[in-house]
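Student: Return a 3D structure for these sequence lines:
(2 chains, ligands or ions: 1)
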Amino acid sequence: MNRTLLIAILIAALAAGTLLALNGDRSGGTAMAAAPRVATVLPEPQTLPEFSLTDHTGAERDRSFLEGQWNLVFFGFTHCPDICPTTLATLSSARKELAESYAGTPPRIVLVSVDPERDTPEKLAEYINYFGEGNLALTGPEASIRELTEPLFVYFNRVPLENGSYTVDHSSVVLLVDPEGRFHALFSGPHNAADYVHDLPIVTSQT
Amino acid sequence: MRSLPLLLSLCLLSACGPADDSPLVVYGLEVTPPRPGMNMSAGYFEIHNNTGDAVRITRAESPQFEAVELHETTTVDGVSRMRPVDALVIAPGTTLKLERGGKHLMLMRPVEASLETVELRLYSGDTLLLSVNTQVASD
Ligand SMILES: [Cu+2]
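Tutor: Down below sits the predicted model:
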């Protein structure tokens, strides 16, 4: 299954390059209505790896908790003043904008912490609620987080800094997970709210 | 308010009026609010060097924060990394942009719980290059 996923992602990455090229050619002309601008849609949705993590309310959650709605899954940490809040603010403003036209609730934001040592459920609760209502943050022992990230080829690595603290390098990707808990599409970044507002209704078959 | 060009002047004590021909000019200074649960902010601006020499900002401080570091985020092959940098160098006649996902100031441990106005002081070694103020962004 990991192997299938790898192949799917590789195919998706190739497709992303092709789509980008197509979009480049199209800019200025009339675009076909239903093509996503930046999202890479997997040829076949892939069931996510099973995981067991703690959410920002302190409850244990597994894969089934992602079911029943669309999810935008981002991997980051609260001690990240630049790229993480920027990406979350981008997703949050896209959600707000979509809320007006979307049938149902726009995809919820799911922050998976890559810094479980500092990101306690309490800290994550304060943090994730800042980016809108109904969002989810997950943390847990590093090994448990890796059970989710590694099969998805999502990378993170803790790096010590000279000032005695540390930072965490991490993949900048945002995964779109469908209401059956399957990895459906990816946004590889850089992330712009307008791209999400454009692509999400198309990818989630809202139009 | 924060889109107004902020004047900085090397003639700090004199009556320099706002003028874009000051040696160094800062535009669009923005300090993000510390997010709940997070003890830090980021600072972004553009800085133009009107002089004939490269300017090196080697450190920054702020009375409103215990520590300020010069940082750069890079995203290569889909992986974002944030690292301290030794200096921000502005070549003669050019503008350096500090922006989200790129070079930025990392402002750590606010001194007071409520943060409204932030003063930033940019130094080259021991020399104060300029001091600028802004309201914290409401984002
Ligand atoms: Cu930083």
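Student: residues near the closest residue to A:Arg61 other than its chain neighbours, how many?
Tutor: Of all residues not flanking A:Arg61 in the chain, A:Asp55 sits nearest, at 4.9 Å (Cβ to Cβ, 6 or more residues apart in numbering or on different chains). Every C-beta, even on glycine, is put in place using the N, C-alpha and C of the backbone. A:Asp55 is flanked by 19 other residues according to other Cβ atoms under 10 Å in any protein chain shown.
Student: Who does A:Asp55 form a beta bridge with?
Tutor: A:Leu138 (DSSP bridges).
Student: just B:Arg56 next, same as before
Tutor: In this entry, B:Arg56 is beta-bridged to B:Val89, by DSSP bridges.
Student: is it true that it touches B:Pro92?
Tutor: No. Contact between B:Arg56 and B:Pro92 fails when scored by Cβ atoms under 8 Å: they sit 12.0 Å apart.
Student: which one of the two has more residues nearby?
Tutor: B:Arg56 (14 against 11).
Student: how far away is that one from B:Glu112?
Tutor: Counting by Cβ to Cβ, to the nearest Å, the separation of B:Arg56 from B:Glu112 is 31 Å.
Student: now do A:Arg118
Tutor: To B:Glu112, A:Arg118 is 22 Å away according to Cβ to Cβ.
Student: How about B:Val132?
Tutor: Note on B:Val132: its distance to B:Glu112, by Cβ to Cβ, is 19 Å.
Student: Who has more neighbours out of those two?
Tutor: The neighbour comparison of B:Val132 against B:Glu112 (other Cβ under 10 Å) goes to B:Val132, with 18 against 8.
Student: quick one, phi/psi of that one?
Tutor: phi -130, psi 160 (degrees, to the nearest 10).
Student: can you tell me how far it sits from the ion?
Tutor: According to Cβ to the ion, to the nearest Å, B:Val132 and the ion sit 19 Å apart.
Student: For that residue, which residues count as its bridge partners?
Tutor: On the basis of DSSP bridges, B:Val132 is bridged to B:Leu120.
Student: That one and B:Leu29 touch, don't they?
Tutor: Yes. With contact defined as Cβ under 8 Å, B:Val132 counts as touching B:Leu29 (5.6 Å).
Student: Counting residues, which strand of the chain comes out longest?
Tutor: If you meant another chain, say so; for now it's chain A. As assigned by DSSP state E, the longest strand anywhere in chain A is strand A:40-47.
Student: if you could check chain B rather than the one you did, that'd help
Tutor: Ranked by residue count and defined by DSSP E, the top strand of chain B is strand B:65-76.
Student: Name the next helix or strand downstream of that strand, please.
Tutor: strand B:79-84 (DSSP states H and E).
Student: how about that following strand, does it get close to chain A?
Tutor: Yes. On the criterion Cβ under 8 Å from any Cβ of the partner chain, strand B:79-84 is in touch with chain A at B:Val79, B:Ser80, B:Arg81, B:Met82, B:Arg83, B:Pro84.
Student: Show me which of those is closest to B:Ser124.
Tutor: Closest approach between these and B:Ser124, by Cβ to Cβ: B:Pro84, at 16.8 Å.
Student: neighbours around that closest one, how many?
Tutor: 13.
Student: that older thread, make a PyMOL selection of the buried ones in the residues of strand B:79-84 next to chain A.
Tutor: Only the buried entries of these go into this PyMOL selection, using 16 or more other Cβ atoms under 10 Å in any protein chain shown:
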select buried, chain B and resi 79+80+81+82
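Student: need the residues of strand B:79-84 next to chain A in a markdown table with pLDDT and distance to A:Arg37, can you?
Tutor: Below are these laid out as a markdown table (pLDDT from 0 to 100; distance: Cβ to Cβ, whole Å):
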| residue | pLDDT | distance to A:Arg37 |
| --- | --- | --- |
| B:Val79 | 97 | 23 |
| B:Ser80 | 97 | 21 |
| B:Arg81 | 97 | 26 |
| B:Met82 | 96 | 27 |
| B:Arg83 | 96 | 31 |
| B:Pro84 | 96 | 35 |
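Student: Done for today, thanks.
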